[in-house]
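In: Quick check, what structure comes out for this input:
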Amino acid sequence: MVRDPEKTFGALIDKCSIAQLCYIDREGFPVTRAMLKPRERHGLREFFFTTNTSSEKVKALRNDPKAGIYFVDRRFFRGVSLSGFAEILEDPDTKARIWRDGDEQYYSKGVTDPDYCVIKITVRKVRCYANFESTDFTV
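Out: Prediction:
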């Protein structure tokens, strides 16, 4: 068992360049999408990602906000699965806080681009995999 899951898996998350975002599509099927790493996180409780407002994932998450995120450390064969609820944030303050230099390549109109939004995932359940064991805990 991992002594301090939040510290251990927080470090794993911070080292990952890719996150797997899972959600349910409009037909009720699970979908997994690779996403750039979260722009911001608060422990293992809240995660903030950027995406296109016009994307299918945003449409699906507006319809059914249940979501999951998975991060993996392939080198040490460990990972963390986080389940919770998504919110699509389009308010100017959040968009400005999450914006980074270079985002213009994705959102040509800048931070006010209507096709730029933030997905906030609020985590309810965490399952960690390490040392060939899994451990569940709530945050």
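In: Can you mark which positions in the longest strand seen in the chain are buried?
Out: For the chain, the strand with the greatest residue count under DSSP state E is strand 116-130. By 16 or more other CB atoms under 10 Å, the buried positions in strand 116-130 come out as 116-123, 126-130. Where C-beta positions appear, they are placed from N, C-alpha and C, glycine not excepted.
In: Also stretch 45-59?
Out: Buried residues in stretch 45-59, counted by 16+ other CB under 10 Å: 46, 47, 48, 49, 50, 51, 53, 57, 58.
In: just to revisit the earlier point, which one among the buried residues of strand 116-130 gets closest to residue 5?
Out: Minimum distance to residue 5 across the buried residues of strand 116-130 is 5.2 Å, recorded for residue 128 (CB to CB).
In: In terms of secondary structure, what does the helix or strand of the chain with the lowest mean pLDDT contact?
Out: Least confident helix or strand, the chain: strand 133-138 with a mean of 81, by mean pLDDT, DSSP states H and E. Counting contacts by 3 or more CB pairs under 8 Å, 6 or more residues apart in numbering; DSSP states H and E, strand 133-138 is packed against strand 116-130.
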